[in-house]
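1. fold the following and give me the result.
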Amino acid sequence: MTLKTYIAVAALLSAAATPAFAAEHKGSSTFNWTYAPQSVPLSDSVSSTVGVVHGLTMLADGTRFGTLCTDVDAPNGTSNGVCVHTDADGDKMMIDWSCANEAQVPAGALFACKGPTTITGGTGKYAHASGKGIDVITGVSVLSDGTVVGITTEEYDFDY
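-> Model prediction:
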């Protein structure tokens, strides 16, 4: 084989081994959620709040996900967790998130926090997803049973 043939074969093999992404997605999303917090004592005078957040996420392009997240609220006002977004086909996108109570609280809201999100993986069409975003999480109201209702808006930039 000539050098030219080696280069052509290497280029073909490289192209075949490269995963194909559908496109870059930029925009904003809205996640309407409910959260039933549980207090967990850390010491005699300090506690943390943990729970599961669930709801519906809609991307700017109309893609909808059923969303289930873990939430751990630290005594210092920071929160973090993991979200699993499942689309209508059953494909999943996993996201790590965190926030600090640094966002301006809108009038009538209970709290607001802001922080980064990172896509950590997925299944199906999201198996090679990657990207980041910034969330603003706002607690809107508390129901009589203690459930918190809120909304999260996110500016995102990711590939899948």
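2. from residue 33, how far off is the most centrally placed residue in the chain?
-> In the chain, the residue lying closest to the centroid (CA atoms, centre = their mean) is residue 95, at 4.0 Å. The gap separating residue 95 from residue 33 is 14 Å, by CB to CB, to the nearest Å. Backbone N, C-alpha and C define where each C-beta goes, glycine included.
3. what's the answer for residue 140, then?
-> With CB to CB as the criterion, residue 140 and residue 33 are 10 Å apart.
4. of the two, which one has the most company?
-> Counted by other CB atoms under 10 Å, residue 140 and residue 33 do not tie: residue 33 has more neighbours, with 23 against 16.
5. once you drop chain neighbours, what's closest to the more buried one?
-> residue 55 (3.5 Å; CB to CB, 6 or more residues apart in numbering).
6. and that neighbour, helix, strand or coil?
-> Three-state call for residue 55 (DSSP: H, G, I helix; E, B strand; the rest coil): strand.
7. just give me the neighbour total for it.
-> Residue 55, neighbours per other CB under 10 Å, totals 19.
8. following the worst-scoring helix or strand of the chain on mean pLDDT, which helix or strand shows up next?
-> Using mean pLDDT, DSSP states H and E, the weakest-scoring helix or strand in the chain turns out to be helix 3-17, at a mean of 40. The C-terminal neighbour of helix 3-17 among helices and strands, as given by DSSP states H and E, is strand 24-35.
9. which strands border that following strand, and is each parallel or antiparallel?
-> When sheet partners are counted by DSSP bridges, strand 24-35 sits next to strand 47-59 (antiparallel), strand 148-159 (antiparallel).
10. what comes into contact with it?
-> 51-61, 67, 69, 71, 131, 133, 147-160 (CB atoms under 8 Å, 6 or more residues apart in numbering).
11. please repeat the previous calculation with a cut-off of 7 Å.
-> Outside strand 24-35, the residues within contact range by CB atoms under 7 Å, 6 or more residues apart in numbering are 51, 53-61, 67, 71, 147-160.
12. what subset of those is buried?
-> With burial judged by 16 or more other CB atoms under 10 Å, the buried subset of the contacts of strand 24-35 is 51, 53, 55, 57, 59, 67, 71, 148, 150-152, 154, 156, 158, 160.
13. show me which of these is closest to residue 123.
-> Nearest to residue 123, judged by CB to CB, of these is residue 160 at 11.1 Å.
14. chain neighbours aside, what residue packs nearest to the closest one?
-> Nearest non-adjacent residue to residue 160, counting by CB to CB, 6+ apart: residue 129, 4.0 Å away.
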